[in-house]
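A.B. asks: Kindly return the folded structure for what I paste below:
(one chain, ligands or ions: 1)
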Amino acid sequence: MIEVDLRLARPGGFALDCGFAAPGEGVTALFGRSGAGKTTIIQAVAGVVRPDTGRIVVGGEVFFDAARGIDVPIEARRVGYVFQDSRLFPHLKVEGNLRYGERRCRAVERPIRFEAVVELLGIGHLLARRPHTLSGGERQRVAIGRALLAQPRLLLMDEPLAALDEARKAEILPYLERLRDAMRLPILYVSHSLDEVLRLADTLVALRDGRQVAAGPVAQVLSRPEMLPVVGRFDLGTLLECVVARHDGDLALSSLAFAGGELRVPQVDRAIGEKVRARVRARDVAIALTKPEGVSVSNLLPAVVEEVVAQEGPYADVGLNVGGVRLAAMVTRESVARLALRPGLDVWAMVKSVAVDSRNPDFLSPGGLTAPE
Ligand SMILES: Nc1ncnc2c1ncn2[C@@H]1O[C@H](COP(=O)(O)OP(=O)(O)OP(=O)(O)O)[C@@H](O)[C@H]1O
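C.D. replies: The predicted structure follows:
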């Protein structure tokens, strides 16, 4: 478990105020626009920056506690740090860079083995090369390996893909997924890319201008209306954790089961029983007061209105409860008035488009995969 609760004022007027708890493994994304305070948070966790007040606890060990005067020095915190630029030692070969990380701790304290890291990151063929001969993606894989071999109890990654082009990002993302799944190591991952967050993160901490906007499991946080200024109107939506329930080969459709019901989507290339994430943008959910008949949309889900939040301009965000799962919808304020939408009202959600599986390029592109009508 990671507990972060901190306040910090910078000269120049920036003030940070956040408090969240994250699981002891998996990826927790710190997400927000430039200047939101993401890097400042991980610098405070690393011990590079000292908060004015607050408390930071990692795996039961108190790194910082202003009230009790505890401020564990950087080296004693044992955190791995991966920067946007890999910061490898230019005079050392890849193997030398990796061994440098390893040498920072005694052999008996090395549960993360050299061979395992080399294999996990696919860098065995690069060991004799010097950093300047590597691609940006290869350099980042080596930098991650160096951080891991220092046997960290926590890995901090500050926009590790930001300096890479799209092709290199696509190349490195599967390694980050393997890292997440293979290591029982918590990762705090700074990013301003929703794409990366949806693909990698289990927990999301959203920040804006130094303030924490929302925090929690990524699927729950994404649909909150407070997320609108962070992700923008286009991307606000819901991430549903689903299981592939059926394939209808003749119709080229699959059924995905989630806690609130089933979604019919174009056939997904996954086995029955496999977990997939489905993404439904708020603007792709329409609302009807009675079960629609004679409509082409096939994903019709009974729902209860939980919340109606009028936004500036023509739109309102409506939080729906679909069998216990929150589904975000965006309709016009005019529709809210016309349908008299209010908390507690029984309605039908019409889901016009679903994107399935973050590995699919359509997952984040405009419109995503269109659900069958
Ligand atoms: N050493 C410093 N002294 C004064 N202000 C600072 C210092 N470092 C950062 N800041 C300010 O703190 C704010 C938050 O910066 P931070 O780097 O944490 O944001 P970020 O969300 O990581 O942004 P980016 O994605 O651009 O890195 C910014 O307004 C920045 O100018």
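
A.B. asks: State the distance from the residue of the stretch 101-250 of the chain found nearest the ligand to residue 46.
C.D. replies: In the stretch 101-250 of the chain, the residue that lies nearest the ligand is residue 192 (5.4 Å; C-beta to the nearest ligand atom). Where you see a C-beta, it was placed from the backbone N, CA and C, and this is true even at glycine. Distance of residue 192 to residue 46, given as C-beta to C-beta, to the nearest Å: 19 Å.

A.B. asks: same deal with residue 92?
C.D. replies: 23 Å.

A.B. asks: Compare neighbour counts for those two and give me the winner.
C.D. replies: Set residue 92 next to residue 46 and count neighbours by other C-beta atoms under 10 Å: residue 46 wins out with 19 against 15.

A.B. asks: the longest helix in the protein is where?
C.D. replies: As assigned by DSSP state H, the longest helix anywhere in the chain is helix 166-182.

A.B. asks: Break the chain into its domains for me.
C.D. replies: 2-221, 237-363 (automatic domain parsing).

A.B. asks: would you turn these into a markdown table with mean pLDDT?
C.D. replies: Below are the domains of the chain laid out as a markdown table (pLDDT from 0 to 100):
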| stretch | mean pLDDT |
| --- | --- |
| domain 2-221 | 90 |
| domain 237-363 | 89 |
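
A.B. asks: which SS state does residue 41 fall under?
C.D. replies: helix (DSSP: H, G, I helix; E, B strand; the rest coil).

A.B. asks: Name all residues that make contact with it.
C.D. replies: 4, 6, 16, 18, 30, 188, 190, 207 (C-beta atoms under 8 Å, 6 or more residues apart in numbering).

A.B. asks: which one of those residues is nearest residue 274?
C.D. replies: residue 188 (28.1 Å; C-beta to C-beta).

A.B. asks: Spit out the contact partners of the closest one.
C.D. replies: 2, 22, 28, 30, 41-42, 45, 154-157.

A.B. asks: ok, now residue 13?
C.D. replies: Per C-beta under 8 Å, 6+ apart, neighbours of residue 13: none.

A.B. asks: Check which residues of stretch 273-289 are buried.
C.D. replies: Within stretch 273-289, the residues that count as buried by 16 or more other C-beta atoms under 10 Å are 276-288.

A.B. asks: do stretch 69-79 as well
C.D. replies: Using 16+ other C-beta under 10 Å as the test for burial, stretch 69-79 gives 72, 77-79.

A.B. asks: Stretch 118-136 now?
C.D. replies: 118, 120-121, 123, 126, 130-131, 134, 136.

A.B. asks: same check, this time on stretch 240-256
C.D. replies: Neighbour-count burial for stretch 240-256 flags 240-242, 244, 247, 253-256 (criterion: 16+ other C-beta under 10 Å).

A.B. asks: How about stretch 6-20?
C.D. replies: 6, 8, 16-18, 20.

A.B. asks: could you dump those to JSON lines with secondary structure and distance to residue 224?
C.D. replies: Below are the buried residues of stretch 6-20 laid out as JSON lines (DSSP: H, G, I helix; E, B strand; the rest coil; distance: C-beta to C-beta, whole Å):
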{"residue": "6", "secondary structure": "strand", "distance to residue 224": "22"}
{"residue": "8", "secondary structure": "strand", "distance to residue 224": "25"}
{"residue": "16", "secondary structure": "strand", "distance to residue 224": "21"}
{"residue": "17", "secondary structure": "strand", "distance to residue 224": "18"}
{"residue": "18", "secondary structure": "strand", "distance to residue 224": "16"}
{"residue": "20", "secondary structure": "strand", "distance to residue 224": "14"}
